[in-house]
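Novice: Provided below for reference: sequence and predicted model.
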Amino acid sequence: MKTINNNKGYNLIELIVALPLASLVFVIFGIGIVHFTTTFQEVKLYNQLQQDLFEAIEIMKQGFMYEGVTDNEGLIGLSTAKKVIIGSSHNSIRVTPLVLNLDVEDDYWVEYMVNDDNQLEINGNYGLNRFPERKVIFPSSAANFFGNTPQFIIKNPHQIWSLEHTDAAGHPLMVKIKLVGQVRFREKLQRQSNDDDLRRNTRTITYETSVFLGNSHANTE
């Protein structure tokens, strides 16, 4: 009877030669995982920036629902505004709706304002109900800071609102909204130039739209 012996294995030299190759494979695999995780997180934050800017513009156009304040009231947005007043520093706008009772006209208003952190806030008064505090409408998440700079910011705080059309008496008919938002992924390295920092560590989006004031003075008089 013929016995077949197959005791082939790996000797020490073969194992020593294979170790660097195995280490290289694990390093490449690890780098790939880190790159994938980083890219996924950046895409997620970039998508949030797009969504938050879009929702902020929709709130300004249609109005804001504040629980316990505006539940039983008509929302005040630019599309139904009677008049708007852009602040002297151009970092705020006050919106007043059409109110049939002139005695309570000053009791209905909302104001959008860019705060010191370059985030967009809203404050308002709906009849007898006043906002208990300013509400941040951009960004949608709690502020995450890189040093003294929030992760999400408005880049054009003094150029968001402008009047596109007025009537002969100067009453606003159409308001242009331009929001330039930026998200930061990581802190600036010491060796990076400002241009390289912006290119590698941030993303910026610009949204523009124009809103016709349906209840403006010119359309109600």
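Specialist: Ah, there it is. Keep in mind that this is a model prediction, so the values were computed, not measured.

Novice: CA only for contacts and neighbour counts going forward, please
Specialist: Noted.

Novice: can you list the low-confidence ranges for the chain?
Specialist: 1-38, 72-74, 100-105, 217-221 (pLDDT under 70).

Novice: now for it: which strand has the highest residue count?
Specialist: In the chain, assigned by DSSP state E, the strand with the most residues is strand 172-184.

Novice: next SSE after it?
Specialist: Next helix or strand after strand 172-184 toward the C-terminus (DSSP states H and E): helix 194-201.

Novice: who does the helix or strand just after that following helix pair up with?
Specialist: Toward the C-terminal end, the helix or strand that comes next after helix 194-201 (DSSP H and E) is strand 202-212. If you go by DSSP bridges, strand 202-212 pairs up with strand 172-184 (antiparallel).

Novice: dump the strand it pairs with to PDB, restricted to CA.
Specialist: Extracted C-alpha coordinates of strand 172-184, given in PDB (Å, rounded to 0.1, in the frame of the first residue of the first chain):
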ATOM      1  CA  PRO A 172     -41.700  97.400  -1.200                       C
ATOM      2  CA  LEU A 173     -43.200  95.000  -3.800                       C
ATOM      3  CA  MET A 174     -40.500  92.300  -4.100                       C
ATOM      4  CA  VAL A 175     -37.700  91.300  -1.700                       C
ATOM      5  CA  LYS A 176     -34.600  89.400  -2.800                       C
ATOM      6  CA  ILE A 177     -33.200  86.800  -0.400                       C
ATOM      7  CA  LYS A 178     -29.600  85.700  -0.800                       C
ATOM      8  CA  LEU A 179     -28.200  83.200   1.700                       C
ATOM      9  CA  VAL A 180     -24.500  82.200   1.500                       C
ATOM     10  CA  GLY A 181     -23.900  79.300   3.900                       C
ATOM     11  CA  GLN A 182     -20.700  77.600   4.900                       C
ATOM     12  CA  VAL A 183     -19.900  74.400   6.700                       C
ATOM     13  CA  ARG A 184     -16.500  73.600   8.200                       C
END
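
Novice: report the angle between it and helix 194-201.
Specialist: Here strand 172-184 runs at an angle of 80 degrees relative to helix 194-201 (axes from the mean of the first three to the mean of the last three CA atoms, to 10 degrees).

Novice: so what touches strand 172-184?
Specialist: The list of residues contacting strand 172-184 from outside it, by CA atoms under 8 Å, 6 or more residues apart in numbering, reads 45-46, 49, 53, 57, 83-84, 151-156, 159-167, 201-214, 216-218.

Novice: drop anything exposed from those residues.
Specialist: Among the contacts of strand 172-184, the ones that count as buried by 16 or more other CA atoms under 10 Å are 45-46, 49, 53, 57, 83-84, 151-156, 159-163, 201-204, 210-214, 216-218.
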